[in-house]
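**Student:** Got a predicted structure here, sequence first:
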Amino acid sequence: MRPRLRRPSIRLRLTLVYAVVLVATCAALLALNYALLYQSLYDNINRPPAAEMQAAASSLPANADRALADVKIRSYWIEQAQIDRLRAETLLGTAGTSAIALAITAMAGLGVSWIVAGRMLKPLHTLTAAARRISQDRLHERVALTGPGDELKELADTFDEMVARLEASFTSQRRFVADASHELRTPLAIVRTGAEVLLAKRESTIAQWEAMGRRVLTASGRAERLLDGLLALARSDSGVIAHEAHDLAIAAAGALSEADGEAERAELTIATELRPAPVAGDPVLLDRLVRNLVDNAIRHNHPGGRIEVVTGSRDGESVVTVRNSGDAIPAAEVDRLFEPFQRLTSDRTASSRSTGLGLAIVRSIVHAHHGTVIAAPNAGGGLAVSVTLPAPQG
């Protein structure tokens, strides 16, 4: 296999381009100057034509001094020959001087072009060095290029923004993995501890084994819900895999029907206004979106509280809004609720049915369907979450 020839560097190519342009421009100027000089040297308006000189000589009177006329004519032609020789020497000298000047200009142009190209490409070398330094463990590195706001500065700033997004993504991923590991470890630890305590006893009653079985079921159910939430989050993050007609009003009715028993046990009052809200997307994910909103409103509520679910269409978009009563939520903490495993109070943490993924899954599904989700705390406590999705065309 023949080795590939290494292409000249960009700096060398820029240097050659600059030098060629400079030499070509100088050569054109010298050629123009030479042409003007040539024209000015050979354009003698006082010189009579040769035919006119011969005619003047033949028209002299017969008694005139022919010898004197011949001497004058001969002197004139000798003078013209000397002028022609000086013209030729001047043009030849000018051409030689111009060639030397052009060669000097070419050499100087190569040097200056090499320096200029190096200074122009210096930001690219800085960007390359920063890119080589940056790794998964060194995402804090930045180019931080200074100087005029030209294209290279814009490229460096764009690169810094990209690295910042990567750093935020890796940080979020590490936190997500750590939180997921912690959340999964909790139910497993409950099962393991209960089994070890029960097996350590010499005599165990049936009631103790039954209690142990109930704890295992509770812990395994929590782990199952957590894994189900992680799978839903991963599926929605990967993008919509179906594009079917669906209605958020039907999804809301189904979610309220499934959660009716839990809402009744919490003595919650549910108010609904379900108007058609057609959308196009993955029906499974859309049902999960609305169910998570309803479940979140039920589980983080006061006993005897209130839930309001509204669906409808406006301006070519479909909207579902879920409001609930509950504890007061600081406005600055609302965005944090959409991060995985983020809870505000110990009461939310204590909920055995809460996985900390509900609103994170909602946001991911909404983004997968090219929609928007807005949350705001209610004046009397609780949260209002509004999801807007594009309505199908036609």
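**Tutor:** Everything's here; your move.
**Student:** From here on, just use CA atoms for contacts and neighbour counts.
**Tutor:** Fine.
**Student:** tally of neighbours for residue 29?
**Tutor:** Using other Cα atoms under 10 Å as the criterion, residue 29 is surrounded by 12 other residues.
**Student:** So for it, what's the pLDDT?
**Tutor:** We have a pLDDT of 86 for residue 29.
**Student:** give me every residue that touches it.
**Tutor:** Counting by Cα atoms under 8 Å, 6 or more residues apart in numbering, residue 29 touches no other residue.
**Student:** how about the strand or helix carrying it: buried residues?
**Tutor:** Taking DSSP states H and E as the definition, one finds residue 29 inside helix 10-42. Under the neighbour-count criterion of 16 or more other Cα atoms under 10 Å, helix 10-42 has 11, 14-16, 18-19, 22-23, 26-27, 30, 34, 37, 41 buried.
**Student:** and of the residues you listed, the nearest to residue 289?
**Tutor:** residue 11 (55.1 Å; Cα to Cα).
**Student:** rewinding a little: now distance to residue 127 too, for the buried residues of helix 10-42, in TSV please.
**Tutor:** Formatted as TSV, the buried residues of helix 10-42 follow (distance: Cα to Cα, whole Å):
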residue	distance to residue 127
11	15
14	19
15	21
16	24
18	24
19	26
22	29
23	32
26	36
27	38
30	42
34	48
37	52
41	58
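**Student:** and which of those is nearest to residue 368?
**Tutor:** Checking the buried residues of helix 10-42 against residue 368 with Cα to Cα, the nearest one is residue 11 at 44.7 Å.
**Student:** separation between the closest one and residue 152?
**Tutor:** With distances defined as Cα to Cα, to the nearest Å, the gap from residue 11 to residue 152 amounts to 15 Å.
**Student:** Residue 269 bridge partners, please.
**Tutor:** Beta-bridge pairing of residue 269 under DSSP bridges involves residue 306.
**Student:** That one: neighbouring residues, count only.
**Tutor:** Other residues lying near residue 269 total 14 when counted by other Cα under 10 Å.
**Student:** What's the per-residue pLDDT of it here?
**Tutor:** We note a pLDDT of 91 for residue 269 in this prediction.
**Student:** thought it was touching residue 303?
**Tutor:** No. Distance between residue 269 and residue 303: 9.7 Å, which falls outside the contact criterion (Cα atoms under 8 Å).
**Student:** For this structure, which segments count as helices?
**Tutor:** Remark: helices of the chain, listed N- to C-terminal, are 10-42, 50-58, 66-133, 151-200, 206-237, 248-258, 260-265, 283-299, 346-350, 358-368; assignment by DSSP state H.
**Student:** Quick one: mean pLDDT for the last one?
**Tutor:** Per-residue pLDDT values over helix 358-368 give a mean of 84.
**Student:** Start at 12, not 1
**Tutor:** Shifting the count to begin at 12 puts that one at helix 369-379.
**Student:** To residue 396, which of the helices of the chain lies closest?
**Tutor:** Distances from residue 396 to each of the helices of the chain were compared using Cα to Cα; the shortest belongs to helix 294-310, at 7.6 Å.
**Student:** Can you spell out which helices and strands pack onto that closest one?
**Tutor:** When contacts are defined as 3 or more Cα pairs under 8 Å, 6 or more residues apart in numbering; DSSP states H and E, helix 294-310 packs onto strand 255-258, helix 259-269, strand 328-335, helix 369-379.
**Student:** Just the buried residues of the shortest one, please?
**Tutor:** The neighbour-count check on strand 255-258 (16+ other Cα under 10 Å) flags 257, 258 as buried.
**Student:** got the helices of the chain as JSON lines, with distance to residue 321 columns?
**Tutor:** Below are the helices of the chain laid out as JSON lines (distance: least, Cα to Cα, whole Å):
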{"stretch": "helix 21-53", "distance to residue 321": "62"}
{"stretch": "helix 61-69", "distance to residue 321": "111"}
{"stretch": "helix 77-144", "distance to residue 321": "50"}
{"stretch": "helix 162-211", "distance to residue 321": "32"}
{"stretch": "helix 217-248", "distance to residue 321": "24"}
{"stretch": "helix 259-269", "distance to residue 321": "8"}
{"stretch": "helix 271-276", "distance to residue 321": "17"}
{"stretch": "helix 294-310", "distance to residue 321": "11"}
{"stretch": "helix 357-361", "distance to residue 321": "25"}
{"stretch": "helix 369-379", "distance to residue 321": "16"}
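**Student:** Could you tell me the least trusted of those?
**Tutor:** Across those, helix 357-361 has the smallest mean pLDDT, namely a mean of 41.
**Student:** What is the burial count for the residue lying closest to residue 201 once chain neighbours are set aside?
**Tutor:** When the adjacent residues along the chain are set aside, residue 201 lies closest to residue 230, with 6.8 Å between them (Cα to Cα, 6 or more residues apart in numbering). In terms of burial, residue 230 registers 20 neighbours under the definition other Cα under 10 Å.
**Student:** Next: residue 129.
**Tutor:** The burial count assigned to residue 129 is 18, neighbours taken as other Cα under 10 Å.
**Student:** Could you measure from it over to residue 204?
**Tutor:** Between residue 129 and residue 204 the distance is 68 Å, computed by Cα to Cα.
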